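1. build me a model from this:
(2 chains)
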Amino acid sequence: MSPVVVRILRTTRAQIAFGAIAVLTGGAVLAPLIAPYDPIAQLDLENLRLAAPSMRHWLGTDDLSRDLLSRIMYGARISLAVAALSVTLSVVCGTAVGLAAGLGGKTVDALLMRLVDTALSVPRLILLIVVLAFWSQISIPLLVVVLGLTSWFDTSRLVRAEVLSLRERAFYQAAVAAGAPTARMVRLHVLPNVAGPIIVAATLGIGQMILVEAGLSFLGIGIARPTPSWGRMIAESQEVMVNAWWTAAFPGCAILVTVLAFSLLGDSLRDALDPRA
Amino acid sequence: MTPLLDVRDLTVEFDTADGHALAVDRVSFHIAAGETLGIVGESGCGKTVTALSILRLLDDEAVTSPSSAIVFDGTDIRRLDGEALRAVRGAKIAMVFQEPGTSLNPVLTIGSQITEALHAHRTIDTGAARARAIALLDLVGIPDAASRFTAYPHQLSGGMQQRVMIAMALSCEPQLLIADEPTTALDVTIQAQILELLQALKGRLGMAMLLITHDLGVVAGSADRVAVMYGGQIVEQAATRELFRNPQHPYTRALLDAIPRLDVVTPRLPAIAGAVPPATAWPAGCRFHPRCSQVLDRCSTDVPPTFVLAPSHFSRCWLADTSPGSRDG
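-> Predicted coordinates:
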């Protein structure tokens, strides 16, 4: 393994985070092979409605007699894929805008950053509700694009700040003095130096994105039914959760564990990638 | 013969929060091919701004006066833009900075940083660039150059880092090397080694050098001519030997007096009273007069012109005025 990975995996915190993410990802990827039931099959509406956790249904069933464990495993596919893809899109956009603002001179910088300020002044969930209201049916690619394009603002500011401080560093000035072309400057001197903070922000962003996606699904404007999604599962359990706690608790736990795992990973990465540490 | 670099009436101004700062005021000097000019002065005297303006590395806030000319090898650098400027930077004029530790990119190996300098200006394939980089590391006296190629900057000592910086600066065989306080961040034994190295390389590659320092000891051993700067102006300029033997400006004399000597017992080194005034508020008349031990009446009112004492010895001081009646006022 490369020295960086070894350094990251030094702490128990990082090992737990990696373990949890491995289990979640594994469960999501292998869901069609290892999930005990079909996630959208209504198994037995008469006898299996809201069945408590048991040997046959480890996490119980919901009010349509669907197996919760299977739904959570399939839900993980959606939640993790949407989060990972939208964070990737958001990081690409944020980095591009941040680089442009940091390197483009005063006017470009002022223009882009005021735009970002404006966007940041609108609460994210409200922005998402407004944007998503344009579509009656929300598909996964659409959700990824919308989530990605509404969440790069913070990243762009982070990248811009890093670029501005880099530009004052002696080695950057030395590279300018050596006549390095702009494209090379970005590739060799800017990107490798801002990569650390970007990776950390992206990792923490995945946890955030899972929460946002769950929130949207909970509000009923996420991915269309009957595709299982953690947020939708909690929303659907609202009326029955007093009698059947497992319908809300287990999807909630899945969200909690995932967000926590990515936060821990983000913190570990921050420590491992910080050259001052 | 036309000089390699001819700087005429260089004036650089900044608008700062404290007001208008005249950082460099009508500075003129020239460097012939293969020659070393030392610029000496205290912090804040404008020597670094002068160096940076040669490669146009100053911030946008800095305004270089339109009457200034920086002619390098027949072209005015102030008129170059974009590509043409980039082609000069690093290839024809290279620069070595004060802090080798921060002048190297911490996340790249030194090998890739040297080859980068080559790729920036030449069409050269990876293998050839690598070979050239190792040859350069060898040239600047880095032992076991081939294995150091993949080292990161933090794995090298300060002296070794500065050697890497010099190797990068030399990669495209520049005609002029600007060394801005190249030894200030290093300890004394390493300083001597780096200066010797610069001297040797200069002779070997036939390049000219602009050596900027606050240390007269550094220029004494390395420079052919010396310009002493104070308050954004060159106050005295002469051949090194002449300057040390026959200093004319009171500031130069005061600087020389402040050097500890082994052959004379001094209970306490003389220091120049006061501090350099801020560039936003130069005193009227001669800028050195509030700190000068030989101040005349006219020094506080009349700006001294540059007096020519010998063909290559200039002093900006009323004491050098030999015209009739000049000592009356």
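2. residues of stretch B:58-78 that come out buried?
-> Buried residues in stretch B:58-78, defined by neighbour count with 16 or more other CB atoms under 10 Å in any protein chain shown: B:Leu58, B:Ala62, B:Thr64, B:Ser68, B:Ile70, B:Val71, B:Phe72, B:Asp73, B:Ile77, B:Arg78. All C-beta spots, glycine's among them, are computed from the backbone N, C-alpha and C.
3. mind listing what B:Pro247 touches?
-> B:Glu236, B:Arg253, B:Leu256 (CB atoms under 8 Å, 6 or more residues apart in numbering or on different chains).
4. Three-state assignment for it, please.
-> coil (DSSP: H, G, I helix; E, B strand; the rest coil).
5. picking up where we left off before, emit the ChimeraX select command for whichever of the contacts of B:Pro247 are buried.
-> Per 16+ other CB under 10 Å, the buried members of those correspond to this ChimeraX selection:
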select /B:236
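6. out of the contacts of B:Pro247, who's nearest chain A?
-> Of all the contacts of B:Pro247, chain A sits closest to B:Glu236, with 28.4 Å by CB to the nearest CB.
7. so what secondary structure elements neighbour the helix or strand hosting that closest one?
-> If you go by DSSP states H and E, B:Glu236 is part of strand B:233-239. Strand B:233-239 sits against strand B:19-31, strand B:225-230, helix B:250-257, strand B:313-315, with contacts defined as 3 or more CB pairs under 8 Å, 6 or more residues apart in numbering or on different chains; DSSP states H and E.
8. after the lowest-mean-pLDDT helix or strand in chain A comes which helix or strand?
-> The helix or strand of chain A with the lowest confidence, counting by mean pLDDT, DSSP states H and E, is helix A:3-8 at a mean of 74. Counting by DSSP H and E, the next helix or strand C-terminal to helix A:3-8 is helix A:12-29.
9. what bits of the stretch 1-150 of chain B have low per-residue confidence?
-> Along the stretch 1-150 of chain B, segments meeting pLDDT under 70 span B:1.
10. coming back round to it: filter the buried residues of stretch B:58-78 down to the ones in strands?
-> Residues of the buried residues of stretch B:58-78 located in strands (DSSP state E): B:Thr64, B:Ile70, B:Val71, B:Phe72.
11. excluding its backbone neighbours, what's nearest the third one?
-> By that I understand B:Val71. Of all residues not flanking B:Val71 in the chain, B:Asp6 sits nearest, at 4.4 Å (CB to CB, 6 or more residues apart in numbering or on different chains).
12. ok, the one you found - contacts?
-> B:His30, B:Ala69, B:Ile70, B:Val71, B:Phe72.
13. tell me which of those is nearest to chain A?
-> Checking the contacts of B:Asp6 against chain A with CB to the nearest CB, the nearest one is B:Phe72 at 13.6 Å.
14. if we can go back for a sec, between the helices and strands packed on strand B:233-239, which one is closest to B:Val40.
-> Ranking the helices and strands packed on strand B:233-239 by proximity to B:Val40 (CB to CB) places strand B:225-230 first, at 5.2 Å.
15. paired strands for the closest one, with orientation please.
-> strand B:36-40 (parallel), strand B:233-239 (antiparallel) (DSSP bridges).
16. point to the residue nearest the middle of the chain.
-> Went with chain A since none was named. The centroid of chain A falls nearest to A:Ile206 when counting by CA atoms, centre = their mean (2.1 Å).
17. nope, chain B please
-> Note: chain B centre (CA atoms, centre = their mean) maps to B:Ile212, 2.4 Å.
18. all helices for the stretch 151-300 of chain B, in order.
-> Ranges of helices in the stretch 151-300 of chain B, per DSSP state H, counting those that start in this stretch, are B:158-170, B:188-205, B:216-222, B:240-245, B:250-257.
19. what lies in contact with the second one?
-> Taking contacts as CB under 8 Å, 6+ apart, the residues outside helix B:188-205 that touch it are B:34, B:36, B:139-141, B:157-159, B:162-163, B:166, B:170, B:173, B:177, B:179, B:182-183, B:186, B:207-209, B:211, B:218, B:221-222.
20. repeat that for the first one.
-> Applying CB under 8 Å, 6+ apart, the set of residues contacting helix B:158-170 from outside is A:174, A:178, B:90, B:94-97, B:100-101, B:103-104, B:110, B:113-114, B:117, B:133, B:136-137, B:139-142, B:153, B:156, B:177, B:182-183, B:185-187, B:190, B:193-194, B:197-198, B:201, B:205.
21. the same query, at a cut-off of 7 Å, please.
-> A:178, B:94-97, B:100-101, B:103-104, B:110, B:113-114, B:117, B:136-137, B:139-142, B:153, B:156, B:177, B:182, B:185-186, B:190, B:193-194, B:197, B:201, B:205 (CB atoms under 7 Å, 6 or more residues apart in numbering or on different chains).
22. buried stuff in that helix?
-> Neighbour-count burial for helix B:158-170 flags B:Gly159, B:Met160, B:Gln161, B:Gln162, B:Arg163, B:Val164, B:Met165, B:Ile166, B:Ala167, B:Met168, B:Ala169, B:Leu170 (criterion: 16+ other CB under 10 Å).
23. for it, what is the distance to the chain centroid?
-> With CA atoms, centre = their mean, to the nearest Å as the basis, helix B:158-170 stands 17 Å off its chain's centre.
24. does A:Ala178 touch B:Gly90 like I think?
-> Yes: counting by CB atoms under 7 Å, B:Gly90 is a contact partner of A:Ala178 at 3.6 Å.
25. which residues in the stretch 101-250 of chain A form helices?
-> Using DSSP H, counting those that start in this stretch, the helices assigned to the stretch 101-250 of chain A run over residues A:106-120, A:124-132, A:140-149, A:153-168, A:170-177, A:182-184, A:191-218, A:230-236, A:246-273.
26. how about those in TSV, adding distance to A:Val82?
-> Listed next are those as TSV, based on distance: least, CB to CB, whole Å:
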stretch	distance to A:Val82
helix A:106-120	21
helix A:124-132	13
helix A:140-149	6
helix A:153-168	18
helix A:170-177	37
helix A:182-184	33
helix A:191-218	5
helix A:230-236	11
helix A:246-273	12
